[in-house]
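Visitor: no FASTA, just this:
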Ligand SMILES: Nc1ncnc2c1ncn2[C@@H]1O[C@H](COP(=O)(O)OP(=O)(O)O)[C@@H](O)[C@H]1O
Ligand SMILES: [Mg+2]
C-alpha cells in the first residue's frame, strides 16, 4: 500500500517534470528549426539588409522584410493603444463599480467573444470596419483610402484583443484584496484615489503582463488582419495606407511560388523574425514588470 | 440563541445603569439601536453602546458574532457592501455618521484602522505614511518627512527602518508591517483607533509590541479593539463589550465584568478561554 502510493507519487512527479521539460524545449525546438530552415537565405543576404531593406522582389532575389515588420508593428501598436484605456476602464468599472450581476453577465459574454474564430472577425472587418475607414474616417481626415489599411487592421485586431486582455485584467483586479481598499479608504481616500494610487499600483505587474501577452498574441494574429489590411508591400506612410504583416506574408505565400530560389527560406525567415520579435517583446515586458515590482 | 435572549432581558435594567455609568465619561462614540442586516439575515441586532474617550474598549466574542461588522459600521466601510442594510444611529463626536452630509472621507480620517492582517499599501515605507498625509492636503515635503519620522517613532519602528524608508513596505516582516499600518493610521491624526484582531497574524513578540503600543496610545486615543483572545482582553480592556450572535450580551467596565461575569454564555466563554 505504502509502496504503491510512493510509486504513484514518484511516477506522477516524473510525469510532471517531463511535461515541463517538453514545454520548455518546444520553443527552443521551433526556434532552432526556423533558424535551420532560413539558413540558406543568410548565405547570400546580409542580415542587416534582410531586416532593414524595403525592397521586396523575390523573383530578383531581393528580400527586404522592413515593410512587413513595420506593418506588423503598426497594426499591433494601434490595437494595443486602443485596448489600453478601453480594457483598463472596463475592468475597473466591472470589478469596482458595477453591481455583482454585471460581472457575472459579462464573463460568458467575454468568453464568447474570445471564442469567435478569427475568420469571423475578418469578415466583420470586411463588412463594417473597412467601409467605415474608407468612407467615413479617411474623408474626415481628408485622406484618400480604400479602407483596406493599417488602421482597419488595427481596429479589427483591437476588437479581437479586447476579450483576451479584459479577461486577464479582470483577474488582476479580482486578486487585489478588499482589505487593501479598506485600508486606503480608512485613511480618507476616495474610491477613485484608491483605485488610482493603490489598485493600479498593486496590479501594475499583472496589468503590464496582460498587455504584454495581448501584444504578443496580436502580433501573431493572421487571418482577420490579412483580410482587411490590404496586403500591399510598402512602407505605410499613414494609418490609412494599406500594409502587409509578417503572418499574412507567410499565410498568403507558403506553398506557392516555391520555384523561386530561396523563397521558402525567406518565408521561414519571416517566421523567425516574428518569433524573435515576440521573444524580444516578452523580454522587454518582463523587464518592465521586474522594474515595477521593485518599487 | 434561545438561552441568550432571556439573560439579555433579565439583565436589562442592570445594563441600563451600566450604560449610564459609562456615559458619565466623555463619550466619543454613541451607538443607538443599530441594526445591520444582509438580505434576510440580521447580522447585528439592536446595538446600544457608548464608548468613552481615551480608553480601550474591547469587543469580545466568538467568531462570526458580528465584531468585524460592528467595527466596519463605525467608519462606514459597510458602504462597500451593497447587500448590507444599516438602521439606527452612530454618533461620533455628536455627528450621526449614518445620516450626515459630512464628507465620508473626513469621518474616516477620524479613525485609524488596523486589520487582522497587515495590508501595507503597494509603495515604499515612507510613502505608506505620506499617503494619508497627502490625502489630508499636506503638501510640504519638510512637514511630511517630519511627520513620517514622528509616527514611525510612535510605533517603535523608526530605528528598524530609518535606513530603508524608500524600500518597499512589503519587504518588512509581518510584525513590522502591522506596526507600519498602525503608524499610517496614526499619521492622519485620528481620534479613534479601530483594531480588528490586529495581533491574530502576528508572533507573540510582535503581538506584545502592538499591545504595549495600545496601552501607551490609550492616553491620547480612543481604542476599540476586537479580539477573541480572553487574556488579551484582560490585559488591555478598560471596558468590555461581549457579543454573541449579533447581540451585546454584556457590557461595562472591564474589572467588573471579569470579576463577576453575569450571563451564562460569558461565564462559559471565560471558562473555556482560560
Ligand atoms: N457583506 C456581508 N454579507 C452577508 N453576510 C455578511 C457580510 N459581512 C458579514 N456577514 C455575516 O455576518 C456575520 C458576522 O460576521 P463578522 O462581523 O465578520 O464576525 P466576527 O468578526 O465577529 O467574526 C457572519 O455570519 C458573516 O457571514
Ligand atoms: Mg472578524
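Guide: Here it is on my side, so go on. Only a predicted model underlies this, so the values are computations on that prediction, with no experimental measurement involved. Ligands and ions are numbered 1, 2, ... in the order given.
Visitor: what about residue B:44, which SS state?
Guide: Secondary structure for residue B:44, judged by DSSP: H, G, I helix; E, B strand; the rest coil, is strand.
Visitor: How many residues are close by it?
Guide: By other CB atoms under 10 Å in any protein chain shown, 25 other residues sit near residue B:44. No exception for glycine: its C-beta is placed from N, CA and C like everyone else's.
Visitor: Please name the residues that touch it.
Guide: B:34-36, B:66, B:69-70, B:73, B:246-247 (CB atoms under 8 Å, 6 or more residues apart in numbering or on different chains).
Visitor: and which of those is nearest ligand 1?
Guide: Closest approach between the contacts of residue B:44 and ligand 1, by CB to the nearest ligand atom: residue B:69, at 3.4 Å.
Visitor: so how far is stretch B:129-140 from its chain's centroid?
Guide: How far stretch B:129-140 lies from its chain's middle: 23 Å, per CA atoms, centre = their mean, to the nearest Å.
Visitor: same question, stretch B:189-206
Guide: Averaged over its C-alpha atoms, stretch B:189-206 has a centre that lies 8 Å from its chain's centre (CA atoms, centre = their mean).
Visitor: Tally up the residues packed near the closest residue to ligand 1 within chain A, please.
Guide: When scored by CB to the nearest ligand atom, chain A has residue A:178 as its residue closest to ligand 1, at 10.1 Å. Using other CB under 10 Å, residue A:178 has 11 other residues around it.
Visitor: where are the low-confidence patches of the stretch 51-200 of chain B?
Guide: Applying pLDDT under 70 to the stretch 51-200 of chain B picks out no residues at all.
Visitor: Strands of that one, start to end?
Guide: Using DSSP state E, counting those that start in this stretch, the strands found in the stretch 51-200 of chain B span residues B:56-60, B:84-92, B:95-96, B:111-114, B:192-196.
Visitor: now the ones you listed as a markdown table including distance to ligand 1 and mean neighbour count?
Guide: As requested, those are exported to a markdown table (distance: least, CB to the nearest ligand atom, whole Å; neighbours: other CB atoms under 10 Å in any protein chain shown):
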| stretch | distance to ligand 1 | mean neighbour count |
| --- | --- | --- |
| strand B:56-60 | 8 | 27 |
| strand B:84-92 | 5 | 18 |
| strand B:95-96 | 22 | 15 |
| strand B:111-114 | 14 | 28 |
| strand B:192-196 | 7 | 24 |
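Visitor: Where does residue 251 fall, secondary structure wise?
Guide: Because you didn't say which chain, this covers chain A. Taking DSSP states H and E as the criterion, the element that holds residue A:251 is helix A:246-253.
Visitor: my question was about chain B
Guide: Judged by DSSP H and E, residue B:251 forms part of strand B:247-253.
Visitor: Centre of the chain to that strand, how far?
Guide: Centroid separation for strand B:247-253 versus its chain: 16 Å, with CA atoms, centre = their mean.
Visitor: again, but for stretch A:125-136
Guide: For stretch A:125-136, the distance to the chain centre is 22 Å (CA atoms, centre = their mean).
Visitor: If you count neighbours, what's buried in it?
Guide: For stretch A:125-136, burial by neighbour count (16 or more other CB atoms under 10 Å in any protein chain shown) applies to A:125-126, A:129-130, A:132-134.
Visitor: picking that back up, please name every helix or strand in contact with the following helix or strand past the helix holding residue A:251.
Guide: For helix A:246-253, the succeeding helix or strand toward the C-terminus, using DSSP H and E, is helix A:263-294. Applying 3 or more CB pairs under 8 Å, 6 or more residues apart in numbering or on different chains; DSSP states H and E, we find helix A:263-294 packed against helix A:2-44, helix A:66-92, helix A:204-220, helix A:246-253.
Visitor: Using TSV, please lay out these together with distance to chain B, mean pLDDT and mean neighbour count.
Guide: Formatted as TSV, the helices and strands packed on helix A:263-294 follow (distance: least, CB to the nearest CB, whole Å; pLDDT from 0 to 100; neighbours: other CB atoms under 10 Å in any protein chain shown):
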stretch	distance to chain B	mean pLDDT	mean neighbour count
helix A:2-44	29	88	11
helix A:66-92	15	96	21
helix A:204-220	8	94	20
helix A:246-253	38	92	20
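Visitor: Including distance to residue A:55, could those helices go into TSV?
Guide: TSV is the format used below for those (distance: least, CB to CB, whole Å):
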stretch	distance to residue A:55
helix A:2-44	15
helix A:66-92	9
helix A:204-220	23
helix A:246-253	15
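Visitor: Quick check, pLDDT for residue A:199.
Guide: We have a pLDDT of 96 for residue A:199.
Visitor: looking at this, it is in a strand?
Guide: No: assignment of residue A:199 by three-state DSSP gives helix, placing it outside any strand.
Visitor: Just list the residues touching it, thanks.
Guide: Per CB under 8 Å, 6+ apart, neighbours of residue A:199: A:92, A:96, A:173, A:176, A:180-181.
Visitor: among the residues you listed, which two are most distant?
Guide: Farthest apart among the contacts of residue A:199 by CB to CB are A:92 and A:180. That separation is 14.7 Å.
Visitor: Residue numbers of the stretch 1-150 of chain B in contact with chain A?
Guide: By the rule CB under 8 Å from any CB of the partner chain, the part of the stretch 1-150 of chain B lying against chain A is B:72, B:75, B:77, B:80, B:82, B:105-106, B:108-109, B:111-113, B:115, B:117, B:119, B:121-124, B:131-132, B:135-136.
Visitor: Just the buried residues from these, in ChimeraX please.
Guide: Buried residues within these, by 16+ other CB under 10 Å, are selected in ChimeraX with:
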select /B:72,75,77,105,108,109,111,112,113,115,117,119,121,122,123,124,131,132,135,136
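Visitor: Now list the buried members of the contacts of residue B:44.
Guide: Listed as buried from the contacts of residue B:44 are B:34, B:36, B:66, B:69-70, B:73, B:246-247; burial here means 16+ other CB under 10 Å.
Visitor: Out of those, which comes closest to residue B:209?
Guide: Using CB to CB, the buried ones among the contacts of residue B:44 come closest to residue B:209 at residue B:70, 25.8 Å.
Visitor: who touches residue 55 in this structure?
Guide: Just so you know, I chose chain A. Residue A:55 makes contact with A:62, A:64, according to CB under 8 Å, 6+ apart.
Visitor: meant chain B actually
Guide: Residue B:55 touches B:25, B:218, B:222-223, B:238-239, counting by CB under 8 Å, 6+ apart.
Visitor: quick one, phi psi at residue 258?
Guide: By default, I'm working from chain A. Here is the backbone geometry of residue A:258 (degrees, to the nearest 10): phi -70, psi -10.
Visitor: that answer is for a different chain, and I need it for chain B
Guide: Note on residue B:258: its backbone torsions stand at phi -80, psi -30 [degrees, to the nearest 10].
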